[in-house]
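Q: I'll drop the sequence and a predicted model, then ask my questions.
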Amino acid sequence: LGQGVPFNRQAAQAHQPSTATPAPHQPGGSGRRRKLGTPPEPTAARPHPAAEQPAAQPVPPVQPPRLPAQASEGAGRSYAIGAPDENAAEGPEPLDGPGGAVEVADTPRPQPMDDELPPEPLDNPRRLLVWPAPDVSTQQALSDRGYRPVTVHSREEVDAQIAAFPAALFVDPLTGPITRTALQSLRQAAVAAEVPVMVTAGLGQASRDAAYGADPAVLLKALAPRDSEQHPPRVLLIEEHAEIALALTATLERRGMQVARAASDTDAVTLAGQFRPNLVVMDLMQVHRRRAGIVDWLRANGQLNRTPLVVYTAAVDQADLPRLASGETVLFLAERSTSAEVQARIVDLLARIGTN
């Protein structure tokens, strides 16, 4: 101090031997400070005595490995790090050595297509589970209304189609008979999957000796769910003619079922709210084709998917109704009518049942 010598230079000389090379960052004895981190000037450093050879070329800085997320790599590229070999020493391995980073291409793989699984294209016909295979006229009528019939023969086949959201299970024994066990199995599978069930039948009238079909109660009991084993099935019967209704009620009650009868589809809506049926049995000609009826009531009350619907055509002459009431003749299961009017009504009813 006072001699024109900077203080910081005195402190540096006090801690350095006299033979030491002057600090490279103070050339010419200037007292001006440099900013920290400034690289030293190459002329200030004295070469080592042993280093008389030409200076080595500078080594370029090591660039860190690029990550797959960098935009320079582009889309569709990634790095897979392999696991160490078995019994190999633990620890890191060079990225370009065995088990190192391997560049792989993330090419998109096509997903497997299953024709049996949803969703399907909107222009595809909706599936309708049927048993047995429909006859030609019914097949054409269903196709014209936008349905694609899929024949099922067992509960397992019904379960396999549930993922495709079928409109309904349609049992129409025209081309072949169905056993009570098979019918019950199909109904249980459909109800468990919340798929509506519709069954067609025909009723004939003859004496007990001349009747060639089964008792209708056999079919209906196999179809009717029940609340529990202690509760009998509740059947809602919609029939205009009192004689036919009494004959059906008698045979159903002999099989242990409870029956409530409505004379029309409109009356059935009022009765259903009180009776809460497990099964609905009705004359096909009683179904309303334009007005709301029992089908709409079942849907509105969440019962359509668990209450099977049986529609029948009755080949009973008006003149023979008194004989049916007196017991001289009985009802038996027969083939339903295949007239154009019946076909149109069945397809219309299926369209209402299968409406989302």
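A: In hand now; what should we look at? Note that the structure is a prediction, hence the values are computed from the model and not measured.
Q: How about the secondary structure of the closest residue to residue 142 other than its chain neighbours?
A: By the measure of CB to CB, 6 or more residues apart in numbering, the closest residue to residue 142 outside its immediate chain neighbours is residue 149, 5.6 Å from it. C-beta coordinates here come from the backbone N, C-alpha and C atoms, glycine included. Secondary structure state of residue 149, per DSSP: H, G, I helix; E, B strand; the rest coil, is strand.
Q: which residues does residue 149 form a beta bridge with?
A: Beta-bridge partners for residue 149, by DSSP bridges, are residue 128.
Q: Compute the number of surrounding residues for it.
A: Neighbourhood size, residue 149 [other CB atoms under 10 Å]: 19.
Q: That one is in contact with residue 130, isn't it?
A: Yes. With contact defined as CB atoms under 8 Å, residue 149 counts as touching residue 130 (4.5 Å).
Q: Tell me the residues that contact both of those two, please.
A: Listed as contacting both residue 149 and residue 130 by CB atoms under 8 Å, 6 or more residues apart in numbering are residue 170.
Q: tell me the helices in the stretch 151-300 of the chain, going along the chain?
A: Assigned by DSSP state H, counting those that start in this stretch, the stretch 151-300 of the chain shows helices spanning 155-161, 180-192, 216-223, 242-254, 265-275, 294-300.
Q: Between those helices, which one is closest to residue 315.
A: Across the helices of the stretch 151-300 of the chain, residue 315 has its closest neighbour in helix 242-254 (11.1 Å, CB to CB).
Q: between that closest one and helix 216-223, how many degrees?
A: Here helix 242-254 points in a direction 60 degrees away from that of helix 216-223 (axes from the mean of the first three to the mean of the last three CA atoms, to 10 degrees).
Q: In contact with residue 316, which residues?
A: Counting by CB under 8 Å, 6+ apart, residue 316 touches 203, 204, 205, 241, 244, 324, 331.
Q: rewinding a little: for the helices of the stretch 151-300 of the chain, which one ends up most surrounded?
A: helix 216-223 (a mean of 21; mean count of other CB atoms under 10 Å).
Q: and that helix, what other elements does it pack with?
A: Under the contact definition 3 or more CB pairs under 8 Å, 6 or more residues apart in numbering; DSSP states H and E, helix 216-223 sits against helix 180-192, strand 197-206, helix 242-254, strand 279-283, strand 309-315, strand 330-334.
Q: As CSV, those with mean pLDDT and distance to residue 270 would be great.
A: What follows is these, written out as CSV (pLDDT from 0 to 100; distance: least, CB to CB, whole Å):
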stretch, mean pLDDT, distance to residue 270
helix 180-192, 90, 25
strand 197-206, 93, 23
helix 242-254, 94, 17
strand 279-283, 95, 14
strand 309-315, 93, 18
strand 330-334, 91, 26
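Q: of all the ones you listed, which lies closest to residue 143?
A: The closest of the helices and strands packed on helix 216-223 to residue 143 is strand 197-206. By CB to CB, the value is 17.4 Å.
Q: Mind listing what's buried along that closest one?
A: Within strand 197-206, the residues scored as buried using 16 or more other CB atoms under 10 Å are 197, 198, 199, 200, 201, 202, 203, 204, 205.
Q: Name the strands paired with that strand and say parallel or antiparallel.
A: Assessed with DSSP bridges, strand 197-206 is paired to strand 169-171 (parallel), strand 309-315 (parallel), strand 330-334 (antiparallel).
Q: Show me what counts as buried in the longest one.
A: Okay, so that is strand 309-315. 309, 310, 311, 312, 313, 314.
Q: Check whether the first one really touches residue 191, as I assumed.
A: No. Residue 309 lies out of contact with residue 191 (CB under 8 Å); the separation is 11.9 Å.
Q: Overlap of the contact sets of the two?
A: residue 197.
Q: gap between residue 354 and residue 169?
A: 10 Å (CB to CB, to the nearest Å).
Q: no wait, residue 288
A: 22 Å.
Q: Among those two, which residue is more densely surrounded?
A: Legend: neighbour count by other CB under 10 Å for residue 288 and residue 169, higher for residue 169 (25 against 17).
Q: What are the neighbouring residues in contact with the more buried one?
A: For residue 169, the contacting residues are 129, 130, 131, 152, 158, 186, 187, 190, 195, 196, 197, 198, by CB under 8 Å, 6+ apart.
Q: May I see these arranged in JSON lines, with distance to residue 212 as well?
A: Shown next, in JSON lines, are the contacts of residue 169 (distance: CB to CB, whole Å):
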{"residue": "129", "distance to residue 212": "29"}
{"residue": "130", "distance to residue 212": "25"}
{"residue": "131", "distance to residue 212": "22"}
{"residue": "152", "distance to residue 212": "28"}
{"residue": "158", "distance to residue 212": "30"}
{"residue": "186", "distance to residue 212": "25"}
{"residue": "187", "distance to residue 212": "25"}
{"residue": "190", "distance to residue 212": "29"}
{"residue": "195", "distance to residue 212": "32"}
{"residue": "196", "distance to residue 212": "31"}
{"residue": "197", "distance to residue 212": "26"}
{"residue": "198", "distance to residue 212": "25"}
